[in-house]
Each structure stands twice: as structure tokens, then as C-alpha cells.
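Colleague: need a structure here:
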Amino acid sequence: MPAQVRPVLKFVRTSGLCVLKQLRLEETLFRASHENWVIANDGTNETAIVMGISGKPHHLLDVAKVHEDMILTIKRFTGGGTVVVDGDTQFVSLIMNASVIPHVQLFPVPLMHWTSAVYKGIEHEESTSNKPPDDASSSDSRKSSGVFHDVPSWRVHQNDYVVGDGATDVKKVGGNAQSISKNRFVHHTSFLWRFSKHNMRYLKNPKKQPLYRENREHDSFLSPLCEHLPSRTSLFDRLPEALICAIGNDVKIEHCHLSDAFLAAGMDESGRVISSPNENKQPQSTSHRSTHVVDLKKTLTLGFDSRAPVLKGA
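Modeller: Numbering: from 1, shown residues only. Reported below is the predicted structural model:
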């Protein structure tokens, strides 16, 4: 009987990566690579706004103010809500094959349940760490090293990562979005180490929002990680062990440089598609990208219900 191949997670830890480059890198790794990647980026190099693929700018943004202040606005390749990101945003992106978590169905709710295990931790037996949580006995169990294992009120609530107890004290600490194909998925999250009230002025209070938000403004709806974790490095320091515990001890973490990820995607570090050194691998053409810069000037001329126009050549 052939030996089971040990899954490998290629873990990239970086800082200050442009969020547009990061999203284009992630999209290409998701669509064109067969490897498993974790991209952990502490802060982006400029303030930017990131919308979901179907977001309507006039519903979500003060477009005139965003245009006036020349804020980079991006339409990403996944769904989800709209976020303002800057140097105090911490990004975690999981780009993996279904075979890494064979006990998890590749649908949004089961996938969120699994990511909850990564971030919060799970109870499982010492001797059955490769089994799904439901298979673990309640006896002789131990708490896995979830990233937020020492934040008692952390949980998934209405598809958001939140803290707080009760119905009126719930605050968001991280927004997430995902894309799922037949055998692969990407789940990416933006956590706020701190957030700028000044930046929140670019965002409208959206009509479509989770019930627990109750139309609260951003400063009373968000909770920064600096209030919950001991240091700015805690999220990324704890993440490798949290992944091992949520997947199983057979997984291997391989620490990689950011340039390795760009090379695997057939891109240079400017985001330009290049010829891959692997002759069996064809790099993805930029024409297939779904991550684009929004043309804000054109957006100002469009109707309230119009989708985001793309800035050509950006």
C-alpha cells in the first residue's frame, strides 16, 4: 500500500505588501497553482478600499470623497463586503486544495466552521488529532492552539469574526471573503490591528448588513485586535501551530519568501505575468483576472445602481 503523501502548506509572512498586488497574487495562486499557500501580510503600503466582486460603489462609498482624496479602490475576485485597509490591517489568506481538509465539505458554511477551528481552536483527543472535531471523544481531550484561544468571546457570528457576549455587545474584529472551486478554495480575512476613524468616512452604512450591526457606525461596530491580543505579532506567531492543530499533525509547514509565491504564480513582484521556469506550467494571462482597479472618475457619471467600472491598464 503506497504511503500517504504528507500535505505541505507554503507559509509566507511579509509586511507592507500592496493590497492590489496581494489580491492579484492570491487570485493567480487560486486559479493556476496546485500548491497550498498561506499569505500573512502585516499592513499594506497605502490606504485603499477593497470591494467585493459584485459591489455597487454608490451603495457602499462616498464616491466623490474617495475620488477627491485619490484613494485606490479595488474590486477583488471574491464576494463579501467593503473594507478600508491601511498599514494597520493584518491580512491572512488561505489558498488550499480540498484534499488538505478532506473531512470538510467545500461549501461556505462548513468552510467557515473549519476556519473557526483555526482561529478559536477545537477540542480533540491527543491520539486522534487527524480526525474531524465530531469524531473526537470528550474524554482525555485537549484544547488546540487556536489563534484566539485566550479571547473567550471570540467566535463566528453571522459570517463575521466577532468578539463580545450578548445581543448588544457584539463587535467585528475581522471581515472575510472566499471563493470555492471543485477542488480548491481561497478564504481571506482582513483583521484590524487598529483602525482610523478618519478612514471610515469613505464608507457608507450599507443597507445590506448583518443583523447584529443594528446600523451602528463603524467606531461602535468594530473592535481592533490591539484590545485582545498581547502584541502585534501574535496573530502571525500563532497561526502556523493553529493550522497544524486544525488540519492534523501530518501537515507540514514550509516557510517561504514572498518571491517564492510570485514565482509559483508565474509573476514578478510588480504583478506582471512572466514566463514560468516550470515548462509544465502555464502562467495565467492578465485577461483572466477578476481583480481590478475601479475607475472612480467614470463611477461619478454612473447611476446609483451601477456596478464598478474597471480602470483599463491599471
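
Colleague: could you list the buried residues of stretch 169-186?
Modeller: Neighbour-count burial for stretch 169-186 flags 170-180, 184-186 (criterion: 16 or more other Cβ atoms under 10 Å). Glycine gets a C-beta too; all of them are placed from N, C-alpha and C.

Colleague: in strands, which of those fall?
Modeller: 171-180, 184-186 (DSSP state E).

Colleague: may I ask which two of the residues you listed are separated the most?
Modeller: Distance extremes for these: the farthest pair is Lys171 and Arg184 at 32.2 Å, using Cβ to Cβ.

Colleague: Ser153 reaches Gly164, doesn't it?
Modeller: Yes. Ser153 is within contact range of Gly164, at 5.5 Å (criterion: Cβ atoms under 8 Å).

Colleague: show me where the stretch 151-300 of the chain has strands.
Modeller: Here the stretch 151-300 of the chain has its strands, by DSSP state E, counting those that start in this stretch, at 155-157, 160-163, 171-180, 184-192, 252-256, 292-293.

Colleague: make TSV out of those strands and add distance to Ser234.
Modeller: TSV is the format used below for the strands of the stretch 151-300 of the chain (distance: least, Cβ to Cβ, whole Å):
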stretch	distance to Ser234
strand 155-157	18
strand 160-163	15
strand 171-180	13
strand 184-192	11
strand 252-256	17
strand 292-293	33
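
Colleague: would a markdown table of the ones you listed with mean pLDDT be doable?
Modeller: Below are the strands of the stretch 151-300 of the chain laid out as a markdown table (pLDDT from 0 to 100):
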| stretch | mean pLDDT |
| --- | --- |
| strand 155-157 | 92 |
| strand 160-163 | 94 |
| strand 171-180 | 95 |
| strand 184-192 | 97 |
| strand 252-256 | 97 |
| strand 292-293 | 96 |
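
Colleague: closest one to Arg76 among those?
Modeller: It is, among the strands of the stretch 151-300 of the chain and with distance given as Cβ to Cβ, strand 171-180, at 7.1 Å.

Colleague: so the closest one versus strand 184-192, what angle?
Modeller: 160 degrees (axes from the mean of the first three to the mean of the last three Cα atoms, to 10 degrees).

Colleague: then strand 171-180 to CSV, C-alphas only?
Modeller: Extracted in CSV, the C-alpha atoms of strand 171-180 (Å, rounded to 0.1, in the frame of the first residue of the first chain):
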residue,chain,number,x,y,z
LYS,A,171,-18.2,43.8,17.7
LYS,A,172,-16.5,42.8,14.5
VAL,A,173,-12.7,42.0,14.5
GLY,A,174,-12.3,40.6,11.1
GLY,A,175,-14.0,40.6,7.7
ASN,A,176,-13.7,37.6,5.4
ALA,A,177,-14.5,36.5,1.9
GLN,A,178,-14.0,33.3,0.0
SER,A,179,-14.1,31.7,-3.4
ILE,A,180,-14.6,27.9,-3.9
